[in-house]
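Undergrad: Sequence plus the predicted model coming up.
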Amino acid sequence: MAFTEHEAKVLATLAVLESTGSLTVNELCKHTALTETAVRHALLRLSRDGLAMHTRQAPSRYRSTSRGALAIRRPVYRQFRRPTESQM
């Protein structure tokens, strides 16, 4: 599966979080420099494909699945990888 640039940025940001970490759409916008609409569209597609998931917290929070974290590690997405959460 090939990701769009927006999907790769969002997934790379989510993938560096600890297993219990999650981010809101606004937080993802700040980390990726994408618009809210672009982040929401990326999250919708990533969620449908089982690469990201919505948590049950309010406000809505998202995190990467193990499958998503593995997918973004592919060499083709190297340019989108982000520093680890402790470096953010």
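TA: That came through, no problem.
Undergrad: buried set for the helix or strand of the chain with the lowest mean pLDDT?
TA: Using mean pLDDT, DSSP states H and E, the weakest-scoring helix or strand in the chain turns out to be helix 66-72, at a mean of 88. Residues of helix 66-72 classed as buried: 68-69, 71-72 (neighbour count, 16 or more other C-beta atoms under 10 Å). For every residue, glycine as well, the C-beta is placed using N, CA and C.
Undergrad: Now do the contacts for residue 62.
TA: If you count contacts by C-beta atoms under 8 Å, 6 or more residues apart in numbering, residue 62 has them with 14, 22-25, 28, 43, 47, 52-55.
Undergrad: what about the helices in this protein?
TA: Counting by DSSP state H, the chain forms helices over residues 5-15, 25-32, 36-48, 66-72, given from the N-terminal end onward.
Undergrad: For the ones you listed, give me TSV that also has distance to residue 60.
TA: TSV is the format used below for those (distance: least, C-beta to C-beta, whole Å):
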stretch	distance to residue 60
helix 5-15	13
helix 25-32	7
helix 36-48	9
helix 66-72	17
